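Engineer: Pasting the sequence and the predicted model now:
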Amino acid sequence: MDHLLGRLGIVEARVRRAVQARRAVDPEADDPFRGLYLSEDAVLRILDEPQTVPWPDDPGDVPDREALEQAAETSRLTALQQNFGLTPLDVELLLIALAPDLDRRFEQLYGYLNDDVTRRRPTIGLALGLCGVAAVSAGARARLAADAPLVERGLLLVEEPERPFLGRSLRVPDRVTSHLLGDDAMDPVLVDVMRPVRAGALPEGVLGDLPERLAGAVRDTISPVYLREPAGGTAQELAADALAGAGRTAFALDLARLARQTGPEALVRAAGREAALEGAGLIAAPVEALAERLELLRALAGLPVPVLLAGQAGWDPQWSERTPLMVEVERLGAAARAALWRQVLGGGSTGDAVAAFVLTPEQMRRAASTARQQAVLGGGAVGEAELLHGARAQNTSGLERLARRIQPAVGWDDLVLPPGVLGQLRELAARARHRDRVLGDWAMRPGGGRGRGVMALFAGDSGTGKTMSAEVIAGALGLDLYTVDLATVVDKYVGETEKNLERIFTEAAGANGVLLFDEADAVFGKRSEVKDAHDRYANVESAYLLQRMETFDGLAVLATNLRANLDEAFTRRLDLVVDFPLPDAQQRGALWDRCLGTALPRADDIDLAFCGRAFELAGGDIRSAAVTAAYLAAEAERPVSMTDLVAAVAREYRKLGRLCLESEFGPYVGLVR
């Protein structure tokens, strides 16, 4: 700060000379309207007051040049001049405008020199005069134009634009003043959209030599840089390490929040100023949030500080006047992700609990923090349940606006299915759990731009357990189940259905959930011969889905009662096709037992073996009958009996349009009649 105060002393000396020159020509008057302006006596008192900056009284004296130069080597003012590319005249103008914010006596002195007691900041004309520059100098006036470094980069505000150029006031923003005084607190207008990011957040060696190579590009002033990353990528960590290698700190700018703020253009300029003040670089993501705001993206990419943009979309040349350096960021492999989980958990082991989650390193850290909080609430250590809770908490609510979220409440023991079907379901869960290792570490990913998604078809009659199986798989992976509501997807207008599906697929890719398309044949139907425009557009919808399934990165299940209605081209793009048969007698007996549960009181006359042999019902129908029997027992205020079960089955038969035959109901047919 010594250098700043020394330079301010020079400004004070110039102001003293200007005041003395003004005194020499001003007539002395005894005006009764004292207080509306500064009188001669008031000016003398101001000059005689103790000085904030202790320089000699002789206005012609200049501080020791050698001491001033030594202080300049570590001065923030010198660093600011270098970081913003300011000329010596720019620095003088900045200091003149800064003086009233550091010493209030300058307010009165500037009011006197402006010949207007209400104008206590320097005007352009006064500032140029104090610098010894002619007011008609085009070069000097250009240093205060809108595109000059001082003004464009937010170091100096030129106010009162309605006044003539020389009469406009100059003011230094509070953030610049506080920075020069040693305050590193971020500009309050940026706290909602920007935050500092530390380097070295990933285990050593995970990113290879890419951070070092990217640091060389930053040192060579290559900007902007575009880091294209997949879901769960490490662009932010790579950028922070690269900026650290180039000797800069890093700020992460949240473009999604920025786009929702009032006056985002001013925030972009403020972010650039903050980065330059701190000698930092900007990591701006996700770039897709500003895809429709070209003016903002261009302003951001054109900032004279290192700007590293990140996103999942391909680069659009319209986003910047300069072509950026393109960097493809790979998603971490299974081993690297396991190492990162151990790091964020402080060495703890997670097993396979969160293997199916696709999270960024930052989301992993937040998940670990949430898990620790949950463990404190439970009074124990962080276990799989707490970690799964923390990981699920990182999901955004975007998909919930397009699909219904179901938190799984069933497990493998709740399924009553043939062993072959259970084996296929476990294989599907294993594919989702180990896809990073197989497709990433072992390089088994096919070409053609295919995604890392896992897709399966569940086919079978209604009530055979398709939806419940999807819920079990989601629970086994620690994920939520999202059931797509076809009412929100299908649209009678051409092209709208595809747009709705695209929104669902995009949200699902980063939602860490299982996406269930129930009654999928309504959307994934067969293509037909084109006879009119309706056929052509229906075929376009199917063709779009075929292409979109190729690039999907999530876990999706298609459930249908009519497998024959699905286009055969979808089958090739499916990882598994699981056929759900109707249960046999033994399985039906087990289903009756599971559906009645353990909490429901049962009478001694219940014969579940008979129910399983006699009533050929699917699992969903058995569950419905069990619930009906429970209501009948509750109304009668007694345990559920065989009478209730038979009556419930009879009601279910009537719903299904079936007759209640004596051959099926046997000795209980009288209860039905």
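Structural biologist: Perfect, thanks for sending it.
Engineer: mind checking the SS state of residue 586?
Structural biologist: Following DSSP: H, G, I helix; E, B strand; the rest coil, residue 586 is assigned to helix.
Engineer: Going forward, count from 9.
Structural biologist: All right, first residue 9 from here; so that's residue 594.
Engineer: Let me see the contact set for it.
Structural biologist: Applying Cβ atoms under 8 Å, 6 or more residues apart in numbering, we find residue 594 in contact with residue 620. Placement of C-beta: from N, CA and C, glycine included.
Engineer: what's the pLDDT at it?
Structural biologist: pLDDT, residue 594: 94.
Engineer: Any idea how many residues pack against the closest residue to residue 164 other than its chain neighbours?
Structural biologist: Closest residue in space to residue 164, ignoring its immediate chain neighbours: residue 158 at 4.2 Å, by Cβ to Cβ, 6 or more residues apart in numbering. Residue 158 has 24 neighbours, counted by other Cβ atoms under 10 Å.
Engineer: next helix or strand past the helix or strand harbouring residue 158?
Structural biologist: According to DSSP states H and E, residue 158 maps onto helix 157-160. Beyond helix 157-160 on the C-terminal side, the first helix or strand identified by DSSP H and E is strand 165-166.
Engineer: Give me the residues contacting that following strand.
Structural biologist: 132, 152, 154, 159, 176-181.
Engineer: at 10 Å what do you get?
Structural biologist: Residues outside strand 165-166 that contact it (Cβ atoms under 10 Å, 6 or more residues apart in numbering) are 105, 129, 131-132, 152-154, 156, 158-159, 173, 176-181, 184.
Engineer: List the ones among those residues that fall in strands.
Structural biologist: 178-179 (DSSP state E).
Engineer: which of the contacts of strand 165-166 are buried?
Structural biologist: Neighbour-count burial (16 or more other Cβ atoms under 10 Å) is assigned, among these, to 105, 129, 131-132, 152, 156, 158-159, 176-181, 184.
Engineer: Figure out how far stretch 312-321 is from the centre of its chain.
Structural biologist: 15 Å (Cα atoms, centre = their mean, to the nearest Å).
Engineer: do stretch 597-608 as well
Structural biologist: Using Cα atoms, centre = their mean, the offset of stretch 597-608 from its chain centre is 45 Å.
Engineer: buried set for it?
Structural biologist: For stretch 597-608, using 16+ other Cβ under 10 Å, the buried residues are 597-604.
Engineer: Check stretch 17-30 too.
Structural biologist: 17-24, 26-27.
Engineer: Looking at those residues, which is nearest residue 368?
Structural biologist: residue 19 (49.1 Å; Cβ to Cβ).
Engineer: which helices and strands sit right next to the helix or strand where the closest one lies?
Structural biologist: Using DSSP H and E, residue 19 maps to helix 10-33. Helices and strands touching helix 10-33, as assessed by 3 or more Cβ pairs under 10 Å, 6 or more residues apart in numbering; DSSP states H and E, comprise helix 48-56, helix 73-80, helix 84-92, helix 96-110, helix 113-121, helix 132-138.
Engineer: Tell me what angle that helix forms with helix 73-80.
Structural biologist: Angle, helix 10-33 to helix 73-80, by axes from the mean of the first three to the mean of the last three Cα atoms, to 10 degrees: 130 degrees.
Engineer: still on that earlier bit, pLDDT and distance to residue 632 for the buried residues of stretch 17-30 - can I get that in JSON lines?
Structural biologist: Formatted as JSON lines, the buried residues of stretch 17-30 follow (pLDDT from 0 to 100; distance: Cβ to Cβ, whole Å):
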{"residue": "17", "pLDDT": "82", "distance to residue 632": "89"}
{"residue": "18", "pLDDT": "85", "distance to residue 632": "90"}
{"residue": "19", "pLDDT": "85", "distance to residue 632": "86"}
{"residue": "20", "pLDDT": "84", "distance to residue 632": "89"}
{"residue": "21", "pLDDT": "85", "distance to residue 632": "93"}
{"residue": "22", "pLDDT": "85", "distance to residue 632": "91"}
{"residue": "23", "pLDDT": "85", "distance to residue 632": "90"}
{"residue": "24", "pLDDT": "82", "distance to residue 632": "95"}
{"residue": "26", "pLDDT": "82", "distance to residue 632": "93"}
{"residue": "27", "pLDDT": "76", "distance to residue 632": "95"}
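Engineer: for stretch 196-205, which positions count as buried?
Structural biologist: 197-198, 201-202, 205.
Engineer: Can I get that stretch in CSV, CA atoms only?
Structural biologist: This file holds the C-alpha atoms of stretch 196-205, laid out as CSV (Å, rounded to 0.1, in the frame of the first residue of the first chain):
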residue,chain,number,x,y,z
PRO,A,196,-20.7,-9.1,-4.0
VAL,A,197,-22.5,-9.0,-7.4
LEU,A,198,-20.7,-12.3,-8.4
VAL,A,199,-21.2,-14.4,-5.3
ASP,A,200,-24.2,-16.2,-6.7
VAL,A,201,-22.6,-17.1,-10.0
MET,A,202,-18.8,-17.4,-9.4
ARG,A,203,-16.6,-19.1,-6.9
PRO,A,204,-12.9,-19.9,-6.5
VAL,A,205,-11.7,-23.4,-7.5
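Engineer: what about the strands in the protein?
Structural biologist: Under DSSP E, the chain gives strands at 165-166, 178-179, 202-205, 233-236, 257-262, 288-293, 315-319, 333-336, 411-414, 462-468, 488-492, 521-525, 563-568, 584-588.
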